[in-house]
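Novice: Sharing a model that was predicted from the sequence below.
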Amino acid sequence: MWGIVPAAGSGTRIQPLAFSKELLPVGSRQDGDTERPRAVSEYLLERMVLGGADKVCFVIGPGKSDILEYYAGGYGTAAIAYVVQPRPGGLCDAIFRACPLIPKDEPVIVGLPDTVWFPEDALRHLPDDRLGFLLFPVDRPALFDAVVTAPDGTVEEIQVKRADAATDWIWGAFKMPGHVLHELHDLWRERDRRDEYMGTLVNAWIARGGKAVGVKAGESYVDVGTIHGYRSAMTLLSGQDPVGLSGAASALRAIDRDGGGPWLATPPTIPGGR
């Protein structure tokens with residue numbers, strides 16, 4: 001199973017930084033007997049591995065070689081490949097840069113590397129044979145992509161950053177068979193690549209007869225790509241035991257879902273001690 005990590009963005013909401021936003025230190029991890037800072041994107045990679053991914057493709061910009069230097073060729077049990085998005089072109093453009101690597105008969109997970117969500121194994125609830133969105137409840141859905149579902153979970157519409165969002169459930173990651181990724185890519189090109197967000201493209205795909213499901217298996221979701229989210233993360237982490245997960249989990253669920261920060265967990269071992 002593949003994972004796609006779109007990491008080509010400049011991170012303007014939290015700049016200036018001296019490194020890629022995906023390497024922003026958030027929390028810590030244990031490297032043997034040593035406690036080390038943890039890059040925010042490690043949370044997503046950990047969850048992809050728990051969800052079954054054994055290969056991950058990072059989509060990076062030309063100036064983001066520090067991500068390659070940090071992760072090198074693998075994370076835990078997953079091998080890592082890299083493709084380049086030559087210039088900013090939106091989320092759809094970034095995701096589809098990975099298409100040449102993804103077989104049509106292999107599932108693929110897509111997640112955002114500047115977010116932290118729980119439970120860690122939630123991706124296991126998504127089906128392998130159709131497009132499935134992992135949904136999380138948030139307090140301010142207008143800031144995200146809200147997913148309207150029927151009682152049976154069928155996705156009816158994705159409302160992209162709409163002030164009048166009809167639901168407080170948003171997608172935080174999604175999974176699909178490789179052939180669905182390629183169908184979406186073909187449709188995106190047919191639509192002259194004008195879709196910046198996956199939500200508008202998936203709406204068009206559904207209108208043509210595509211089927212997607214929303215799975216409400218998420219509990220907590222935070223965006224660490226803003227200074228507010230980062231401050232909340234530091235507040236959360238300041239009084240927590242670096243390896244004490246239960247207290248951190250309680251703290252996470254007590255803070256504002258939109259502005260809150262991530263908690264600590266111990267990731268799979270990274271080759272090279274990173």
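Specialist: Now that the structure is in, tell me what you want to look at.

Novice: Beyond the top strand by length along the chain, next helix or strand please.
Specialist: Longest strand in the chain by number of residues (criterion: DSSP state E): strand 169-177. Using DSSP states H and E, the next helix or strand after strand 169-177 towards the C-terminus is helix 178-190.

Novice: Now do that following helix: distance to the chain's middle.
Specialist: Relative to its chain's centre, helix 178-190 lies at 20 Å (C-alpha atoms, centre = their mean, to the nearest Å).

Novice: Packing partners of that helix?
Specialist: helix 90-96, strand 107-111, helix 198-207 (3 or more C-beta pairs under 8 Å, 6 or more residues apart in numbering; DSSP states H and E). All C-beta spots, glycine's among them, are computed from the backbone N, C-alpha and C.

Novice: if we can go back for a sec, just how off-centre is the longest strand of the chain within its chain?
Specialist: Its chain's C-alpha centre and that of strand 169-177 lie 9 Å apart, by C-alpha atoms, centre = their mean.

Novice: angle of that strand against strand 107-111?
Specialist: 150 degrees (axes from the mean of the first three to the mean of the last three C-alpha atoms, to 10 degrees).

Novice: CA atoms only: put strand 169-177 into PDB for me.
Specialist: Provided in PDB are the C-alpha atoms of strand 169-177 (Å, rounded to 0.1, in the frame of the first residue of the first chain):
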ATOM      1  CA  TRP A 169     -17.500  16.600  10.100                       C
ATOM      2  CA  ILE A 170     -14.400  17.300   7.900                       C
ATOM      3  CA  TRP A 171     -12.000  15.000   6.100                       C
ATOM      4  CA  GLY A 172      -8.500  14.600   7.500                       C
ATOM      5  CA  ALA A 173      -7.200  11.800   5.300                       C
ATOM      6  CA  PHE A 174      -8.500   9.600   2.600                       C
ATOM      7  CA  LYS A 175      -7.800   6.200   1.000                       C
ATOM      8  CA  MET A 176      -8.700   4.700  -2.400                       C
ATOM      9  CA  PRO A 177      -7.800   2.000  -4.900                       C
END
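
Novice: roughly how far apart are the most far-flung residue of the chain relative to its centre and D93?
Specialist: Centroid-distance maximum for the chain: D33 at 29.2 Å, with C-alpha atoms, centre = their mean. Per C-beta to C-beta, to the nearest Å, D33 is found 43 Å from D93.

Novice: Just the helices from the stretch 1-150 of the chain, written as ranges.
Specialist: Secondary structure of the stretch 1-150 of the chain by DSSP state H, counting those that start in this stretch: the helices cover 41-50, 65-71, 90-96.

Novice: For the last one, what does the pLDDT average out to?
Specialist: For helix 90-96, the mean per-residue pLDDT is 97.

Novice: Now do the buried residues in that helix.
Specialist: By neighbour count on 16 or more other C-beta atoms under 10 Å, the buried set for helix 90-96 is G90, L91, C92, D93, A94, I95, F96.

Novice: same question, the second one
Specialist: Neighbour counts using 16+ other C-beta under 10 Å place I67, Y70, Y71 of helix 65-71 among the buried residues.

Novice: TSV please, covering those residues and showing distance to Y221.
Specialist: Listed next are those as TSV, based on distance: C-beta to C-beta, whole Å:
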residue	distance to Y221
I67	23
Y70	24
Y71	23
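
Novice: sorry, back to before: which stretch among the helices and strands packed on helix 178-190 comes nearest S220?
Specialist: Distance to S220, taken as C-beta to C-beta, is lowest for strand 107-111 among these, at 14.9 Å.

Novice: Give the pairing partners of the closest one; include direction for each.
Specialist: strand 2-7 (parallel), strand 169-177 (antiparallel) (DSSP bridges).

Novice: ok, V26 touching L44?
Specialist: No - contact criterion C-beta atoms under 8 Å: V26 and L44 do not qualify, at 11.5 Å.

Novice: Give the residues shared as contacts by those two.
Specialist: With contacts taken as C-beta atoms under 8 Å, 6 or more residues apart in numbering, not a single residue reaches both V26 and L44.

Novice: Distance of Y75 relative to R38?
Specialist: Taking C-beta to C-beta, one finds Y75 at 12 Å from R38.

Novice: ditto for V108
Specialist: Relative to R38, V108 is positioned 25 Å away (C-beta to C-beta).

Novice: what do you get for V148?
Specialist: Between V148 and R38 the computed distance is 35 Å (C-beta to C-beta).
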